[in-house]
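> My questions are about this predicted structure, shown below with the sequence.
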Amino acid sequence: MKIHRLPCLLLVLLAALFTLPAQAEPPKLVKGEDFVVKPAISEELCVSNLFQDGMVLQRDKPIYVWGWAAQGETVTVAFNGINKTTVADKDRHWKVEFPAVPANAEPQAMKITGNKSANPITLTNILVGDVWVLGGQSNMEFELAKVENGNLEIISANYPNIRILTLPYGEAPVEHNKSFPEIHQYSSWFGRHFHKGSWDVCTPEIAKNLSAIGYVFARRIHMAADVPIGVIDASRGGTTVETWTPQSVLRKMASQPTKDLITTWDEKVAAFDPKADLANRIEKKKQWIERKTKEGATLSDKDKQLPTEVEAGPIANHNHPGSCYGAMIAPLAGLSIKGAIFHQGFNNAFGGQAGIDMYEDVFPEMITAWRSAFNDPEMPFGILSLCTAGNPQTLDDYCEKMFDAGVGLRAAQYQTFLDLYNAGDKNIGFVSTYDLRRRWYHPQVKLPAGERAARWALATQYGFEKQVAWRPPMLTGMEVQGGSLVLSFDQDVMDPEDGPIVGFAIAGEKREFHPAAASYAEKGKDGRGRVQYDKKKLVLTSIMVTDPIHFRFAWSRNPLANLQLTGNKDVPFATQKSDDWGLQEVPLSVVETLDPTNSRANRGKIINALKTLDRVRKLQEAQHTIQVLGQQ
């Protein structure tokens, strides 16, 4: 039996009422349609779809199991030699708690029975280990089969103790979904169906569709920790940070950018007229049919069909505030897990400076909300910074490429990490990805990103801190010394190729940033009179900036930057800046000419001013070179 494609919010609601026969045939897949294999909630005794054959339960934490039964029905769950009994409430919901147990790679069974149900439920092949949630948008979701060297990983992906659950998409901005269906979900991006909502044992066939970052992350942890690993992929392409945050949290925030966002969405929802929208879609379809007919196209009966269904409108948009949280995180709430990793940011960059400001406010609240959902205020949470996009920054277009909201998002992600880390959060992690560059906004260099996230987890959660490095070098001070800026770091830094360090730009009061030469500070001489250098201090200078007061590093969507920890540790210095100037506040010469009502014209003015800075610098550098050569 099939269900034709509907807005995902309606699909999930329908799935909750839809029950397949016990021996139902597999659905016949049709391009562009979603098919329910198992409903979110059955009308009879059932367990949440989180709990299935082949799943992994979290070790060393209480194990919670829940589901639905007839009101007042006594439900007994048997697992690991223990029976737990409870009674379904007026909403049919029941929940039991088992004590924490250590990791166990031996398959176990769980049996659920009800005193009013004729058919008990038995789940088999359950392992106990660590469960990690994957969150974010398409660069987290991007499947292993599509990335560089992905096929090498696929052919060796035989790990019976790694289990994978990929959640189906859904929208639920206000009333959070209690569960999720098991479905064949059609992806227009990949042009095919994915079987979502079921736990699967990691095999080459299963692994090829998993998040590339998530797969490598899980594989590394499994191999090093030698415990079963469960991966729940709750990522979704094209999503914003606010959709992954509970709407109730967003509405309580004092942040003005967040209030403005909520107001905009509320106005969209209030203004939507379902009947007028249907009439408009019918008229557009008629016009399309008429145009195609005049062009001599042959139209099928399906092509000629007019829209008949009323749509939900903005409330069903996957980026409505709180929507993806309600549909894809809320159904997991209450599950004991080890931690989460999150890779997102691209869509928020479309918001310009307002988007950056809102991200700075919302992202920490999102992390807190996720930790609350999984009943662990100290839950490990790893941040992977926004990846690259567009052509690489060069010295020829250095200033021009600094104008990009995406880099501001990347800096906001690092600042969120830094604020939490400096406040004593021992379980917050950060991974830079800006050096894993490709021109496409889905750079297919995903495996190293997953490796870096795994290093953080292994070092901080699995006792391998002496063997692997993850923490980026952190700035400990900045000092103005004459015509230079001196930066101090908590760890030794270098260019991994032992060449010139690039990526820093400095500016003075005029807010005109130019690329800076970076050299190690001298710390004295050895016994033979040779100069010794301090690899924890860099001196930044530029012939274009005589009185620098601020710096920026890796300040481009695809930056020219190479600073990282010494010793080939592959841990980059994160994107950051010392100034608080906004996107449209640099350079200062343009600020007074900007029109608050014309953002496109303003962008043009700023880009032209930055191009001029690049031209002037190249000319002055050439003149300086000629002058130096003339003195030799």
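That came through fine.

> following the least confident helix or strand in the chain by mean pLDDT, which helix or strand shows up next?
Within the chain, no helix or strand scores below helix 8-17, which has a mean of 41 by mean pLDDT, DSSP states H and E. Under the assignment DSSP states H and E, the closest C-terminal helix or strand after helix 8-17 is strand 35-38.

> buried set for that next one?
Neighbour counts over strand 35-38 (16 or more other Cβ atoms under 10 Å) mark Phe35, Val36, Val37, Lys38 as buried. (C-beta placed from N, C-alpha, C; glycine too.)

> And stretch 199-211, by the same measure?
The neighbour-count check on stretch 199-211 (16+ other Cβ under 10 Å) flags Trp199, Asp200, Val201, Cys202, Ile206, Ala207, Lys208, Asn209, Leu210, Ser211 as buried.

> what comes up buried for the biggest helix by length in the chain?
Determined from DSSP state H, the single longest helix within the chain is helix 599-631. Buried residues in helix 599-631, counted by 16+ other Cβ under 10 Å: Asn602, Lys605, Ile606, Ala609, Leu610, Thr612, Leu613, Asp614, Arg617, Glu621.

> Does anything pack onto that helix? Which helices or strands?
strand 514-515, helix 588-591 (3 or more Cβ pairs under 8 Å, 6 or more residues apart in numbering; DSSP states H and E).

> Need the mean per-residue confidence for that helix.
For helix 599-631, mean pLDDT is 93.

> Adding secondary structure as columns, could you present the buried residues of stretch 199-211 in a markdown table?
As requested, those are exported to a markdown table (DSSP: H, G, I helix; E, B strand; the rest coil):
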| residue | secondary structure |
| --- | --- |
| Trp199 | strand |
| Asp200 | strand |
| Val201 | strand |
| Cys202 | strand |
| Ile206 | helix |
| Ala207 | helix |
| Lys208 | coil |
| Asn209 | coil |
| Leu210 | coil |
| Ser211 | strand |
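
> want to throw those into JSON lines with distance to Gln532 and pLDDT?
Formatted as JSON lines, the buried residues of stretch 199-211 follow (distance: Cβ to Cβ, whole Å; pLDDT from 0 to 100):
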{"residue": "Trp199", "distance to Gln532": "58", "pLDDT": "98"}
{"residue": "Asp200", "distance to Gln532": "57", "pLDDT": "97"}
{"residue": "Val201", "distance to Gln532": "56", "pLDDT": "98"}
{"residue": "Cys202", "distance to Gln532": "51", "pLDDT": "98"}
{"residue": "Ile206", "distance to Gln532": "55", "pLDDT": "96"}
{"residue": "Ala207", "distance to Gln532": "50", "pLDDT": "97"}
{"residue": "Lys208", "distance to Gln532": "52", "pLDDT": "96"}
{"residue": "Asn209", "distance to Gln532": "54", "pLDDT": "94"}
{"residue": "Leu210", "distance to Gln532": "49", "pLDDT": "96"}
{"residue": "Ser211", "distance to Gln532": "46", "pLDDT": "96"}
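
> Next, format the residues you listed as JSON lines and append distance to Leu447.
Shown next, in JSON lines, are these (distance: Cβ to Cβ, whole Å):
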{"residue": "Trp199", "distance to Leu447": "24"}
{"residue": "Asp200", "distance to Leu447": "21"}
{"residue": "Val201", "distance to Leu447": "22"}
{"residue": "Cys202", "distance to Leu447": "16"}
{"residue": "Ile206", "distance to Leu447": "18"}
{"residue": "Ala207", "distance to Leu447": "13"}
{"residue": "Lys208", "distance to Leu447": "14"}
{"residue": "Asn209", "distance to Leu447": "16"}
{"residue": "Leu210", "distance to Leu447": "13"}
{"residue": "Ser211", "distance to Leu447": "11"}
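
> Let me know the closest of the residues you listed to Asp60.
Trp199 (20.4 Å; Cβ to Cβ).

> tell me the contacts of that closest one?
Gln52, Asp53, Gly54, Met55, Val56, Arg163, Ile164, Leu165, Gly230 (Cβ atoms under 8 Å, 6 or more residues apart in numbering).

> what about the helices in the stretch 201-350 of the chain?
Here the stretch 201-350 of the chain has its helices, by DSSP state H, counting those that start in this stretch, at 204-207, 212-225, 247-252, 256-271, 274-294, 301-304, 323-324.

> make that the stretch 51-200 of the chain, sorry
138-141, 150-155.

> got it, and the stretch 351-500 of the chain?
Under DSSP H, counting those that start in this stretch, the stretch 351-500 of the chain gives helices at 352-373, 405-422, 447-461.

> any idea how far Gln353 lies from Tyr414?
Counting by Cβ to Cβ, to the nearest Å, the gap from Gln353 to Tyr414 is 17 Å.

> neighbour count winner among these two?
Tyr414 (20 against 15; other Cβ atoms under 10 Å).

> Run through the residues that contact that one.
Ser385, Phe430, Ser432, Ala574, Thr575, Gln576.

> List only buried entries from the residues you listed.
Ser385, Phe430, Ser432, Ala574, Thr575, Gln576.

> need the residues you listed in TSV with pLDDT, can you?
TSV is the format used below for the buried ones among the contacts of Tyr414 (pLDDT from 0 to 100):
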residue	pLDDT
Ser385	98
Phe430	98
Ser432	98
Ala574	98
Thr575	98
Gln576	98
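
> partners of the lengthiest strand in the chain in the sheet?
The strand that spans the most residues within the chain, counting by DSSP state E, is strand 121-136. Applying DSSP bridges, strand 121-136 is found paired with strand 56-58 (parallel), strand 104-114 (antiparallel), strand 229-233 (parallel), strand 339-343 (parallel).

> From the chain's centroid, how far away is it?
21 Å (Cα atoms, centre = their mean, to the nearest Å).

> tell me the angle of that strand relative to helix 352-373?
Put simply, strand 121-136 runs at 150 degrees to helix 352-373, going by axes from the mean of the first three to the mean of the last three Cα atoms, to 10 degrees.

> quick one: average confidence on strand 121-136?
98.

> What are the buried residues along that strand?
121, 123, 126-136.

> mind exporting it as CSV, just the C-alpha atoms?
Extracted C-alpha coordinates of strand 121-136, given in CSV (Å, rounded to 0.1, in the frame of the first residue of the first chain):
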residue,chain,number,x,y,z
ILE,A,121,6.6,-7.7,20.9
THR,A,122,10.1,-9.3,20.8
LEU,A,123,13.1,-7.3,19.7
THR,A,124,16.3,-9.2,19.0
ASN,A,125,20.0,-8.6,18.2
ILE,A,126,20.3,-5.6,20.7
LEU,A,127,23.8,-4.5,21.6
VAL,A,128,24.9,-2.2,24.4
GLY,A,129,27.6,0.4,23.6
ASP,A,130,27.7,4.1,22.8
VAL,A,131,25.1,6.0,20.8
TRP,A,132,26.0,9.2,18.9
VAL,A,133,23.5,11.6,17.2
LEU,A,134,24.5,13.3,13.9
GLY,A,135,22.9,16.7,13.4
GLY,A,136,23.1,19.6,10.8
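
> End to end on stretch 584-600, go ahead and measure it.
12 Å (Cα to Cα, to the nearest Å).

> Out of the contacts of Trp199, which sit inside strands?
Val56, Arg163, Ile164, Leu165, Gly230.

> Lys259 against Met253, yeah?
Yes: using Cβ atoms under 8 Å, Lys259 is in contact with Met253, at 7.3 Å.

> how close does the closest residue to Ala373 other than its chain neighbours sit to Cys399?
Spatial nearest neighbour of Ala373, excluding adjacent residues (Cβ to Cβ, 6 or more residues apart in numbering): Ala333 at 4.1 Å. Ala333 sits 47 Å away from Cys399, going by Cβ to Cβ.

> Neighbour count for those two, which is higher?
Cys399 (28 against 16).

> got the contact list for Asn347?
Gln137, Gly238, Thr239, Thr240, Asn319.

> try 6 Å
Gly238, Thr240 (Cβ atoms under 6 Å, 6 or more residues apart in numbering).

> Shouldn't Thr593 be within a strand?
No: read with three-state DSSP, Thr593 is coil and lies in no strand.

> ok, back up a step: mind putting the contacts of Tyr414 into TSV with distance to Leu458?
Shown next, in TSV, are the contacts of Tyr414 (distance: Cβ to Cβ, whole Å):
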residue	distance to Leu458
Ser385	19
Phe430	15
Ser432	17
Ala574	20
Thr575	24
Gln576	25
